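1. Sharing a model prediction with you, sequence too.
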2 protein chains.
Amino acid sequence: MSVTIYDVAREANVSMATVSRVVNGNQNVKPATRKKVLDCIERLGYRPNAVARGLASKKTTTIGVIVPDISKSYYAELSRGIADVATMYEYNIILSNSDKRPQREVELFEDHLGKQVDGVIFMSDSLSEEIRKEMATANVPIVLAGTLDAGTNLPTVNIDHEEAAYQAVKKLIENGHERIVHVSGPLSRDINRLCKKVGYEKALKEANLPIIDDFFIETDNTYDDAYEKWKLIRDLEEKPTGIFAGNDEIAVGILNGLRDDGLSVPDDMEVICFQHTLLTRVVRPQLSAVIVPLYDLGAVSMRLLTKLMNGEEVEDVGVILPYHMEERQSTK
Amino acid sequence: MSVTIYDVAREANVSMATVSRVVNGNQNVKPATRKKVLDCIERLGYRPNAVARGLASKKTTTIGVIVPDISKSYYAELSRGIADVATMYEYNIILSNSDKRPQREVELFEDHLGKQVDGVIFMSDSLSEEIRKEMATANVPIVLAGTLDAGTNLPTVNIDHEEAAYQAVKKLIENGHERIVHVSGPLSRDINRLCKKVGYEKALKEANLPIIDDFFIETDNTYDDAYEKWKLIRDLEEKPTGIFAGNDEIAVGILNGLRDDGLSVPDDMEVICFQHTLLTRVVRPQLSAVIVPLYDLGAVSMRLLTKLMNGEEVEDVGVILPYHMEERQSTK
DNA sequence: CTGAAAGCGCTAACAC
DNA sequence: GTGTTAGCGCTTTCAG
């Protein structure tokens, strides 16, 4: 068997309580005693058993992170932000993929609670009734990262997607465009239906431009689908001259469609999008974009969670982070 | 407080042992009793405490995953493979980022052991002396995923990078090229120095082509650096006509360098690389590449780990997965 | 400043 | 088929 706190205590001629104190940095230990214990720990190669500690103290210094799909760079980046702050506060992360399936989300959430996590960070498109109910009765703090709250009053950190979309489209309008297509991700996602689309329409309305159904193109958020859907735009009666894409993968699909049809950006078409990855800078022309601070979204979420776990009073549980727009070669 | 196994036992008029049996699916319970217990569990909303279970059973059904940087799509993809198989076998994952810092790797490894993980999957460039020592004395199974073993006899799953590099360069040679540049990642990484470079040189030797120092370009594996380093190639006395890039990010850097200098691929230069991401298909021309099965590397690693954790005899602890080459537009 | 002792919630013999 | 009873390794009062 491995060495326990009891072994150390015996070896050092002190009680388990004292060993526990030095391990936990409790100051009420005479320096000489501390040193003696530390020596024994070193000599025996003692490593505290976090599971036993968790059972006794009711804290595991572990948090749960439920993410749609870690292989998507969007969530990977966000998770890195979470992880770095978690490390800073000495928390471990149990990471699980939900694929956004509501039932799976509930299972994972319960599973994490069973593991006695001290808190959870949740990411998804929106909250199902079931998960909302689960969360309401959970007795650990929860933070929604980059996830629309829409109804509950859970702590959330996000950027203002509607405003960002509005600004992006406004930029196109200022450049003189009157026929602007919005190539969106799935409308089933709140962020697309309730934020980006709304921002797009708001900008059009403000400029007294018509909202044309055919100028709204829905994709499944992938490069391949966007590449295909470009044909819809190409074949439009009234040719648009500007494109607002829901993310960079979509934008690159469109860009390649344009390009393969011999059109040129930004001369024949100006393009702007939300940026989640390196893609925007790698393609030619480089894409003008709204830069979403994914890492920060994660980091701030975790920081907020630490406060909540500490029982600190947090006045502002609906954090909105700033974004910025970077104009590159796909707009003039 | 939350409801415990004791509460359920009392409510159902059975012993804790019986409740434990039904929770753990032990068949030695009369159906009627089982039902009664299940009802109480449902009614009281009992959720087993995995920490207590872990302490009593000495199994946490949790594994540790130590990864250089989850925000890199290479590792994110691999991790997803791990996670899916972990889910299948009902394991949770504690995920930590090491940034490949040897000391951090050791800390994380010990940390995970402290949390009593049942096994760990480790990814890095290579193994430092210290981590090797830690691993040797650990009493849980370890699998190296996509990580060069180089000396120890730890379970490993990988692809044959040397062979893949050899094939890629050979392809270029078959296309008639005699002056082929290898744009590599850092030579400090075993995978570059001991595998890809070796495969590159092997192909040249076999074709009686000289190995020219200037034809080896080292980068830090990033797009930006590769884009800069293109100038070194451009300014070479003897113009190369083929490029073998260590990964797709490098290849795209070179590609954009070429392109911004008005050169064309594949007419002026053929390019082939290792593929880790979507990048190869998104750029124009699409890049011919050796496709590394990242997801599978992760999945197979986890599968191997489950066997090891089960104490199964595994004859083949040095798994080599197949790769394949996809010829696209950057070669003829 | 240190020790004794009672759990934390569960599993795993071992009895019956 | 079911109950009893030790622990698992640690923290945490409470005494002293």
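-> Structure's in. What do you need? Worth saying up front: this structure is predicted, and the values here are computed from it rather than measured. Residues are numbered from 1 along each chain as shown, chains lettered A, B, ... in the order given.
2. what residues does the stretch 51-200 of chain A put near DNA strand C?
-> Residues of the stretch 51-200 of chain A found near DNA strand C (Cβ under 7 Å from any atom of the strand) are A:52, A:55, A:56, A:58. (C-beta placed from N, C-alpha, C; glycine too.)
3. Would you mind checking which of the residues you listed is nearest to residue B:185?
-> residue A:52 (43.2 Å; Cβ to Cβ).
4. so how far is DNA strand D from that closest one?
-> 3 Å (Cβ to the nearest atom of the strand, to the nearest Å).
5. Dig out what the nearest residue to residue A:95 once chain neighbours are set aside forms beta bridges with.
-> Leaving aside its chain neighbours, residue A:95 sits nearest to residue B:95 (4.4 Å; criterion: Cβ to Cβ, 6 or more residues apart in numbering or on different chains). With DSSP bridges as the criterion, residue B:95 is bridged to residue B:65.
6. Quick one: residues contacting residue B:95.
-> Residues in contact with residue B:95 (Cβ atoms under 8 Å, 6 or more residues apart in numbering or on different chains) are A:83, A:93, A:94, A:95, B:65, B:67, B:70, B:79.
7. Please render these as CSV that adds distance to residue B:40 and pLDDT to the earlier fields.
-> Shown next, in CSV, are the contacts of residue B:95 (distance: Cβ to Cβ, whole Å; pLDDT from 0 to 100):
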residue, distance to residue B:40, pLDDT
A:83, 39, 98
A:93, 34, 98
A:94, 28, 98
A:95, 33, 98
B:65, 37, 98
B:67, 42, 98
B:70, 41, 98
B:79, 39, 98
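8. Show me the contact partners of stretch A:318-332.
-> Here stretch A:318-332 makes contact (Cβ under 8 Å, 6+ apart) with A:149, A:155-160, A:164, A:167-168, A:171-172, A:175, A:251, A:255, A:265-266, A:270-272, A:275, A:280-281, A:284-293, A:296-297, A:300, A:304.
9. Mind exporting the C-alpha coordinates of it to PDB?
-> Below are the C-alpha coordinates for stretch A:318-332, written out as PDB (Å, rounded to 0.1, in the frame of the first residue of the first chain):
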ATOM      1  CA  GLY A 318     -24.100  38.900 -15.900                       C
ATOM      2  CA  VAL A 319     -20.700  39.800 -17.300                       C
ATOM      3  CA  ILE A 320     -20.500  41.200 -20.800                       C
ATOM      4  CA  LEU A 321     -16.900  41.300 -22.200                       C
ATOM      5  CA  PRO A 322     -15.800  43.700 -24.800                       C
ATOM      6  CA  TYR A 323     -15.000  42.500 -28.400                       C
ATOM      7  CA  HIS A 324     -13.200  44.400 -31.100                       C
ATOM      8  CA  MET A 325     -13.400  44.600 -34.800                       C
ATOM      9  CA  GLU A 326     -10.400  44.200 -37.000                       C
ATOM     10  CA  GLU A 327     -10.600  45.500 -40.500                       C
ATOM     11  CA  ARG A 328      -8.400  43.500 -42.900                       C
ATOM     12  CA  GLN A 329      -8.500  42.900 -46.600                       C
ATOM     13  CA  SER A 330     -12.000  41.700 -47.200                       C
ATOM     14  CA  THR A 331     -13.500  45.100 -46.600                       C
ATOM     15  CA  LYS A 332     -12.300  48.400 -48.100                       C
END
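10. Which of the residues in that stretch are classified as buried?
-> For stretch A:318-332, the neighbour count (16 or more other Cβ atoms under 10 Å in any protein chain shown) marks A:319, A:321, A:323, A:328, A:330, A:331 as buried.
11. And residue A:223, what's its pLDDT?
-> Predicted confidence (pLDDT) at residue A:223: the value is 92.
12. Hmm, it is touching residue B:280, no?
-> No - using Cβ atoms under 8 Å, residue A:223 is not in contact with residue B:280, being 11.7 Å away.
13. Give the helix, strand or coil label for residue A:158.
-> At residue A:158 the chain is in strand, as set by DSSP: H, G, I helix; E, B strand; the rest coil.
14. what is it paired to in the beta sheet?
-> Those that pair with residue A:158 in a beta bridge, by DSSP bridges, are residue A:320.
15. mind listing what it touches?
-> Per Cβ under 8 Å, 6+ apart, neighbours of residue A:158: A:144, A:145, A:146, A:147, A:148, A:297, A:319, A:320, A:321.
16. next one: residue A:209
-> Neighbours of residue A:209 in contact, by Cβ under 8 Å, 6+ apart: A:173, A:178, A:180.
17. Among those residues, which one has the most neighbours?
-> residue A:180 (24 neighbours; other Cβ atoms under 10 Å in any protein chain shown).
18. Residues in a beta bridge with it, which ones?
-> Assigned bridge partners for residue A:180, using DSSP bridges, are residue A:242.
19. Please report how far it lies from DNA strand C.
-> 57 Å.
20. That residue touches residue A:171, doesn't it?
-> No - counting by Cβ under 8 Å, residue A:180 sits too far from residue A:171 to count as a contact (10.3 Å).
21. got any residues that touch both of these two?
-> With Cβ under 8 Å, 6+ apart, residue A:180 and residue A:171 have no common neighbours.
22. Looking at the contacts of residue A:158, which two lie furthest apart in space?
-> The widest separation within these (Cβ to Cβ) is 14.4 Å, between A:148 and A:321.
23. Now residue A:241. Nearest residue, chain neighbours left out?
-> Distances taken as Cβ to Cβ, 6+ apart place residue A:177 nearest to residue A:241, at 5.0 Å, with adjacent residues excluded.
24. again with residue A:290
-> Using Cβ to Cβ, 6+ apart, the closest residue to residue A:290 is residue A:164 (4.6 Å).
25. count of residues packed around that neighbour?
-> Neighbour number of residue A:164 under other Cβ under 10 Å is 21.
26. near chain B, anything from stretch A:12-31?
-> No - using Cβ under 8 Å from any Cβ of the partner chain, stretch A:12-31 stays clear of chain B, coming no nearer than 11.1 Å.
27. what comes up buried for that stretch?
-> A:12, A:14, A:18, A:19, A:20, A:21, A:22, A:23, A:29.
28. Output the residues you listed as JSON lines; include the columns secondary structure, distance to residue A:119 and pLDDT.
-> Output for the buried residues of stretch A:12-31, formatted as JSON lines (DSSP: H, G, I helix; E, B strand; the rest coil; distance: Cβ to Cβ, whole Å; pLDDT from 0 to 100):
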{"residue": "A:12", "secondary structure": "helix", "distance to residue A:119": "35", "pLDDT": "93"}
{"residue": "A:14", "secondary structure": "coil", "distance to residue A:119": "34", "pLDDT": "94"}
{"residue": "A:18", "secondary structure": "helix", "distance to residue A:119": "31", "pLDDT": "95"}
{"residue": "A:19", "secondary structure": "helix", "distance to residue A:119": "29", "pLDDT": "95"}
{"residue": "A:20", "secondary structure": "helix", "distance to residue A:119": "24", "pLDDT": "95"}
{"residue": "A:21", "secondary structure": "helix", "distance to residue A:119": "26", "pLDDT": "95"}
{"residue": "A:22", "secondary structure": "helix", "distance to residue A:119": "28", "pLDDT": "95"}
{"residue": "A:23", "secondary structure": "helix", "distance to residue A:119": "23", "pLDDT": "94"}
{"residue": "A:29", "secondary structure": "coil", "distance to residue A:119": "30", "pLDDT": "89"}
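29. Return only those of those found close to DNA strand D.
-> Within the buried residues of stretch A:12-31, those near DNA strand D by Cβ under 7 Å from any atom of the strand are A:20, A:21, A:23.
30. Nearest spatial neighbour of the first one, chain-adjacent residues omitted?
-> Just to be clear, that refers to residue A:20. residue A:5 (6.4 Å).
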